[in-house]
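Trainee: model the structure of this input:
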Amino acid sequence: MAVKKPTLFAAPLANNGSKWSIGTETNVMKGLSQFHDPLINWSVESYSIDSLGESIALVVRNPSEDMAVTPRVDIYLVSADNSVKPKLLTGSFNAISDSPVFIKDGKKSVAREWDCSPESIVWSANGQTIFAVATDQGNNIIFAINATTGNCTRMTDAGSAMGLGTLGENQLLFQYTEQNKCVDIHILDIETKEMRRLTDVNSDKLRNVYIGQAEYFWFKGALGDQVHGWIIKPLQFNTEKKYPLALVVHGGPQASIQNIFTSTMWNSNIFANTGFVTVQINFHGSTGYGKNFTDSIKHQWGRYPYEDLMIELDHVLDNCSYVDKARMGWSRWVRVTAALVCHAGIFSTPGAWYGTNELWLPEHDFGGTPYDPKARSNHEEFNPERFANEFATPTLFIHGGSDYRVGVEQSLAPFTLLRRKNIPTKFVYFPDEDHHISSDVDQIKWLTEVLLWISEHTNTTLPYNLNQ
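Mentor: Numbers count the residues shown, from 1 in each chain. As a prediction, this is how the structure comes out:
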C-alpha cells in the first residue's frame with residue numbers, strides 16, 4: 001500500500017491586466033532520489049524561495065537515513081520548474097539543518113568564530129547585514145552580523161525575540177517575551193536600537209494575576225565554571241517568612257531554561273503563584289553558553305549537571321534566608337528533597353536505549369550502544385537503577401502513552417520500586433500524549449497533580465483549592 005507523502009508544488013502567477021491567473025503546478029520534489037518509491041516517505045520540514053521565484057531551498061528528512069540512528073535533516077536546492085537537477089547543499093553534515101535563507105550576491109561565510117547557534121536569520125534590505133536570533137545566557141537575543149567583517153552586535157539586551165522579519169530598511173518586526181511578560185509584537189529601530197511594543201493582548205487577562213520578576217544569579221559550578229540561574233519569589237513575598245523551594249530542572253539534556261513566558265505547565269510563575277520560591281539553573285550541557293559548555297556533558301550526564309544542582313542548592317540556602325531547608329520539592333533525581341516529580345525521566349540508562357526512537361542521542365552522549373563493552377561502563381556509571389536501594393523520596397511519576405523518546409517503562413519501573421519499598425508514590429498516565437503534554441485539558445491535569453503532590457509533601461497550604 002502506498003504511503004501518503006507531503007510534497008511541495010510551485011505554480012507560476014500571471015496577470016493579464018485585469019486579473020491574476022495560476023499556471024500549471026509543478027511538483028518540485030519529484031527530482032529527489034527515491035521520491036517515486038511508493039513505500040518511502042519524504043518529509044518537507046520547511047522551505048525558502050529566492051527573490052525571483054526560480055529556486056527553492058527545501059528542508060527535508062532523507063528517507064534513506066534511519067532517523068533513530070541519525071538526526072540528519074538535509075537542505076536541497078531545487079528549481080521551481082524542475083529544469084535543474086536537485087542539489088544537496090548540506091553534504092554529509094550529520095545533524096539537523098534548518099531555516100535556509102537566500103542572498104542576492106552568492107555565497108558568503110561569515111562569523112565562523114561566533115559561539116552561538118542562530119535559530120533564525122534575515123538579511124537587511126541592502127544585503128550588508130545579517131540579523132539573527134540566537135540563545136545567549138538564557139535570552140533569545142537579536143544580533144546584527146556584518147556580512148563583510150563578521151562582527152556581531154547585540155541589538156537587544158535581554159528577553160526573547162522570535163518570528164524575526166524586516167520592516168522596510170530601518171526596522172525589524174518580531175515577537176518579544178520575558179518570563180513575566182506575555183508574547184507581544186514589537187518593532188526595533190535598527191539605528192537607535194529602540195524597541196517599541198505594538199500590541200498588548202493579554203494585559204486585561206493578567207491584571208489580577210501575580211507574575212513574579214525573575215532575578216538572575218551566577219555561581220561557580222562544576223569545573224569551576226560560572227553557572228547561570230534565576231529565582232522567582234512567591235506571591236505576597238515577605239523576607240521575614242519561610243517558604244518552600246521548588247527546584248525546576250530542565251530536560252534535554254542539551255536544552256535550557258529561557259527568559260520566555262510560556263503558556264504551558266513549565267511556566268515557573270505557576271509554582272511561585274502557589275507559594276514556592278522557584279529556582280531554575282542552566283547547568284553544564286545547557287545551550288546558550290558556548291559550544292564547549294554544551295558539549296562538556298558527553299560521558300558526564302550524572303556528574304557535572306548534578307554537581308551544578310548541588311552547588312546551586314547550597315548557594316540558594318546560604319544566600320536566601322527565607323527558604324525553608326526542610327521543604328524542598330520538584331526535580332528529577334536530586335537528593336535532599338521532600339518530594340520529587342519525574343516527568344518522562346530515565347530510570348535505567350542502558351534500558352532506555354532499547355526503548356527509544358532516538359538511538360543517536362544516548363549513543364553520542366555515552367560513546368556507543370549499551371551492548372558495546374567499551375561504552376557499557378559509560379551507560380552504567382550514571383545509571384539511576386544502580387542506586388535503587390537508596391531511593392527513599394516520595395515521587396510522582398508522569399508519562400505519556402505515545403512517548404517514543406523515553407519509554408513508559410522508565411516511569412513504571414521506579415514506580416513499582418517505590419511501591420515495593422512502601423514509599424509514597426503515584427503514577428499519572430496520559431494515554432494520548434507523547435513526550436510532552438500538549439492538550440489544554442491534560443496540562444491542567446498535569447499541573448493539578450504536580451501542585452497537589454509537592455504541596456502535600458512539603459506541608460504547604462495552597463492559596464486556592466485544586467480539588468474542586
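Trainee: for the stretch 51-200 of the chain, what are the low-confidence residue spans?
Mentor: 62-64, 104-108 (pLDDT under 70).
Trainee: wait, the stretch 201-350 of the chain
Mentor: 329-336.
Trainee: mind listing the helices for it?
Mentor: Ranges of helices in the stretch 201-350 of the chain, per DSSP state H, counting those that start in this stretch, are 268-273, 291-295, 304-319, 349-354.
Trainee: closest one to Ala147 among those?
Mentor: Minimum separation from Ala147 across the helices of the stretch 201-350 of the chain (CB to CB) falls at helix 291-295, 22.6 Å. Every residue, glycine included, has its C-beta placed from N, CA and C.
Trainee: next one: the closest one to chain centre, how far?
Mentor: Chain-centre distance of helix 291-295: 16 Å, with CA atoms, centre = their mean, to the nearest Å.
Trainee: sorry, back to before: so which of the helices of the stretch 201-350 of the chain is nearest Ser256?
Mentor: Minimum separation from Ser256 across the helices of the stretch 201-350 of the chain (CB to CB) falls at helix 291-295, 9.0 Å.
Trainee: and that closest one, what's buried?
Mentor: 293-294 (16 or more other CB atoms under 10 Å).
Trainee: and if you look at stretch 318-325?
Mentor: 320, 323-324.
Trainee: as a markdown table, those with distance to Ala14 would be great.
Mentor: A markdown table is the format used below for those (distance: CB to CB, whole Å):
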| residue | distance to Ala14 |
| --- | --- |
| Cys320 | 68 |
| Val323 | 69 |
| Asp324 | 72 |
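Trainee: next one: phi and psi at Trp301?
Mentor: phi -50, psi -50 (degrees, to the nearest 10).
Trainee: can you pull the contacts of the closest residue to it other than its chain neighbours?
Mentor: Excluding the flanking residues, the one nearest Trp301 by CB to CB, 6 or more residues apart in numbering is Phe382, at 5.0 Å. Phe382 sits next to 301-303, 349 when contact means CB atoms under 8 Å, 6 or more residues apart in numbering.
Trainee: distance to Val277 and neighbour count added to the residues you listed, as a markdown table?
Mentor: As requested, the contacts of Phe382 are arranged in a markdown table below (distance: CB to CB, whole Å; neighbours: other CB atoms under 10 Å):
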| residue | distance to Val277 | neighbour count |
| --- | --- | --- |
| Trp301 | 27 | 22 |
| Gly302 | 26 | 15 |
| Arg303 | 27 | 16 |
| Thr349 | 31 | 23 |
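Trainee: turn these into JSON lines, columns for distance to Leu418.
Mentor: Formatted as JSON lines, the contacts of Phe382 follow (distance: CB to CB, whole Å):
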{"residue": "Trp301", "distance to Leu418": "22"}
{"residue": "Gly302", "distance to Leu418": "20"}
{"residue": "Arg303", "distance to Leu418": "25"}
{"residue": "Thr349", "distance to Leu418": "19"}
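Trainee: which two of those lie the greatest distance from each other?
Mentor: Arg303 and Thr349 (13.2 Å).
Trainee: the residue nearest to Trp301 and Asp314: what is the separation?
Mentor: Distance, Phe382 to Asp314, by CB to CB, to the nearest Å: 21 Å.
Trainee: neighbours of Ala14, how many?
Mentor: For Ala14, the tally of surrounding residues (other CB atoms under 10 Å) stands at 10.
Trainee: list the buried residues in stretch 388-398.
Mentor: Buried residues in stretch 388-398, counting neighbours by 16+ other CB under 10 Å, are found at 388, 391, 393-398.
Trainee: ignore what I typed, I meant stretch 59-77.
Mentor: Residues 59-63, 67, 70, 72-77 are the ones in stretch 59-77 that count as buried (16+ other CB under 10 Å).
Trainee: likewise for stretch 181-189?
Mentor: In stretch 181-189, counting by 16+ other CB under 10 Å, buried: 181-184, 186, 188.
Trainee: setting aside sequence neighbours, what's the nearest residue to Gln128?
Mentor: Closest to Gln128 by CB to CB, 6+ apart is Ala147, at 5.5 Å.
Trainee: Val110 is in contact with that neighbour, correct?
Mentor: Yes: shown here, Ala147 and Val110 form a contact pair, counting by CB atoms under 8 Å, at 5.8 Å.
Trainee: which of the two has more residues huddled nearby?
Mentor: Legend: neighbour count by other CB under 10 Å for Ala147 and Val110, higher for Ala147 (18 against 14).
Trainee: got a list of what that one touches?
Mentor: 108, 110, 123, 127-130.
Trainee: buried subset of the residues you listed as a ChimeraX selection?
Mentor: Buried residues among the contacts of Ala147 (16+ other CB under 10 Å), as a ChimeraX selection:
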select :123,129,130
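Trainee: switch the contacts of Ala147 over to TSV; also include secondary structure and distance to Lys19.
Mentor: Shown next, in TSV, are those (DSSP: H, G, I helix; E, B strand; the rest coil; distance: CB to CB, whole Å):
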residue	secondary structure	distance to Lys19
Lys108	coil	40
Val110	coil	44
Trp123	strand	33
Gly127	coil	34
Gln128	coil	38
Thr129	strand	39
Ile130	strand	38
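Trainee: can you redo the contacts of Ala147 as TSV with distance to Lys85?
Mentor: Formatted as TSV, these follow (distance: CB to CB, whole Å):
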residue	distance to Lys85
Lys108	24
Val110	29
Trp123	27
Gly127	28
Gln128	33
Thr129	33
Ile130	29
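Trainee: rewinding a little: filter the buried residues of stretch 318-325 down to the ones in strands?
Mentor: Judged by DSSP state E, these include 323-324 as members of strands.
Trainee: quick one, phi psi at the residue lying closest to Lys233 once chain neighbours are set aside?
Mentor: Excluding its sequence neighbours, the residue lying closest to Lys233 (CB to CB, 6+ apart) is Gly212, at 5.6 Å. Here is the backbone geometry of Gly212 (degrees, to the nearest 10): phi -80, psi 150.
Trainee: would you check that Gly212 makes contact with Ala272?
Mentor: Yes: at 4.7 Å, Gly212 counts as touching Ala272 under the criterion of CB under 8 Å.
Trainee: ok, the two, which is more surrounded?
Mentor: Between Gly212 and Ala272, Ala272 has the larger neighbour count (other CB under 10 Å), namely 25 against 20.
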